[in-house]
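S.K.: missing the sequence, but the structure's below:
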C-alpha cells in the first residue's frame, strides 16, 4: 500500500476541541496542505457535530479535491483500523510504525510516548498554547472574519449594544460524567462570585449549557443576561465572549478560545489557575501571555474521591 504524506487530523468533541485540532493541523501542513478525518459516531451518547464547516470551506491550507471542496484521505478506513488496534496495549507499536499519533492533555492517560518519524494520522486534543501561538497569525485571519459577522447578528439578537462582562460556566455534561476517568472537575460558584466581587463586573452576561445547573449562581450575581444552549449555538457563545470587555473562563476548551480571541480585541481575560481538580493537566499549557489568572475553587460535592 502506498501512503500519502499529506497528514490527517481527526476531528472530535465540541467547537473548542475542534479549533485546537484545526490549529494543530496547521503545524503539520505540508505544501499539499492537510486532511481532516470528519468522523462523528452518532451512536454514542453525547456525540458532537462538525462545527468547522465555515472554516473548512474557506481555509487556504486544507487539501482540496478537483472541485475545490475539502477532501478526506483515501486512507481514512485504514486509520480507523489503527484506532481500534490502539485499544490493545501490546500492539500499539504497530500504529506507530504507520505514522499514528495519539495525544491527550491529561498526562495520566494512555497516549503515544513519542512522535512517529513521519506523522500521517493524529488523534487527540492538542490543547497546548505553544501549538496555537506558533500558527495563530495564520489561523486568526480565517476565524476572526467569521466571528465579526456573527457578533453583529448576535448583538442585535440579544440587544447587546453596550459594554459587557462575560462568565462562561462549564457544567452540563460534566455534571453526569465519571469524574475519576473522563472529567477534569467542575469549578464551584465561589470561583465566579469572587471574580465578580473583586472586579465589580458590569452588565454581566452568564453563558452556560443549562440554566438549571447554575440557579444558585444566578441568585447570587443577578446577571443582566443569561443564555444557555437552548438559546445559542457554540459559535454564538464564542462570538459573545470575543466581543466582551471582560471575560472569566472555565476549564473549557471553548473558554480558552474565547479568552484568546477576546484578548485580540483588547478585552481583559481571566482563566483558572488550575485546569483539573485532579492535577493531571499542566495549567501552563493554557496560560497565554495576555491572560490573567483567577484562583480555582472546585465544586467538591460532585467529585468522587
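M.R.: Received, thanks. The shown structure was predicted, so the numbers you read here are calculated from the model rather than taken from an experiment. Numbers count the residues shown, from 1 in each chain.

S.K.: which strand or helix spans residue 269?
M.R.: strand 268-272 (DSSP states H and E).

S.K.: can you get me a residue count around the residue lying closest to residue 50 once chain neighbours are set aside?
M.R.: Excluding the flanking residues, the one nearest residue 50 by CB to CB, 6 or more residues apart in numbering is residue 38, at 5.6 Å. In short, each C-beta sits where N, CA and C put it, glycine included. Using other CB atoms under 10 Å, the number of residues around residue 38 comes to 16.

S.K.: show residues contacting the strand holding residue 269.
M.R.: 187, 191, 195, 245-251, 255-256, 258-260, 262-263, 283, 286-287, 290-296 (CB atoms under 8 Å, 6 or more residues apart in numbering).

S.K.: can you list the strands that the helix or strand immediately after that strand in the chain pairs with?
M.R.: Later in the chain than strand 268-272, the nearest helix or strand by DSSP H and E is strand 291-294. Sheet pairing of strand 291-294 (DSSP bridges) gives strand 268-272 (parallel).

S.K.: do a quick rundown of the helices in this protein.
M.R.: 15-28, 53-58, 76-86, 93-97, 129-157, 189-199, 215-221, 234-242, 253-264 (DSSP state H).

S.K.: other SSEs contacting the second one?
M.R.: Here helix 53-58 is seen to pack against helix 129-157 when contacts are counted using 3 or more CB pairs under 8 Å, 6 or more residues apart in numbering; DSSP states H and E.

S.K.: what residues does residue 109 make contact with?
M.R.: residue 280.

S.K.: now list the buried members of the contacts of strand 268-272.
M.R.: Buried subset of those (neighbour count, 16 or more other CB atoms under 10 Å): 187, 191, 195, 245-251, 255-256, 258-260, 262-263, 283, 286-287, 291-292, 294, 296.

S.K.: which elements pack onto the lowest-mean-pLDDT helix or strand in the chain?
M.R.: Between all helices and strands in the chain, the lowest mean by mean pLDDT, DSSP states H and E belongs to strand 35-38, at a mean of 83. Identification of packing neighbours for strand 35-38 by 3+ CB pairs under 8 Å, 6+ apart yields strand 8-11, helix 15-28, helix 76-86.

S.K.: please convert those to a markdown table, extending it with mean neighbour count and distance to residue 211.
M.R.: A markdown table is the format used below for those (neighbours: other CB atoms under 10 Å; distance: least, CB to CB, whole Å):
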| stretch | mean neighbour count | distance to residue 211 |
| --- | --- | --- |
| strand 8-11 | 22 | 29 |
| helix 15-28 | 22 | 20 |
| helix 76-86 | 16 | 37 |
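
S.K.: so which of those comes closest to residue 143?
M.R.: For the helices and strands packed on strand 35-38, proximity to residue 143 was assessed by CB to CB; helix 15-28 is nearest, at 7.6 Å.

S.K.: tell me the angle of the closest one relative to helix 253-264?
M.R.: Counting by axes from the mean of the first three to the mean of the last three CA atoms, to 10 degrees, helix 15-28 lies at 70 degrees to helix 253-264.

S.K.: centre of the chain versus helix 15-28, how much separation?
M.R.: Its chain's average C-alpha position is 9 Å from that of helix 15-28, according to CA atoms, centre = their mean, to the nearest Å.

S.K.: give me the contacts around it.
M.R.: Here helix 15-28 makes contact (CB under 8 Å, 6+ apart) with 7, 9-13, 34, 36, 48, 50-52, 55, 59, 61-62, 119, 122, 124-127, 131-132, 134-136, 138-139, 143, 234-235, 238, 252-257.

S.K.: make a PyMOL selection of the buried ones in the residues you listed.
M.R.: A single PyMOL command selects the buried members of these (16+ other CB under 10 Å):
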select buried, resi 7+9+10+11+12+13+34+36+48+51+52+55+59+61+62+119+122+124+125+126+127+131+132+135+136+139+143+234+235+238+252+253+254+255+256+257
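
S.K.: how much space separates residue 232 from residue 55?
M.R.: Using CB to CB, to the nearest Å, one gets 19 Å for the distance from residue 232 to residue 55.

S.K.: and residue 199, by the same measure?
M.R.: From residue 199 to residue 55 the distance is 33 Å (CB to CB).

S.K.: now do residue 119
M.R.: 22 Å.

S.K.: before we move on, the earlier item: partner residues bridging the residue nearest to residue 50?
M.R.: Here residue 38, judged by DSSP bridges, has bridge partners residue 11.

S.K.: how about it, what does it touch?
M.R.: Per CB under 8 Å, 6+ apart, neighbours of residue 38: 11, 50, 72.
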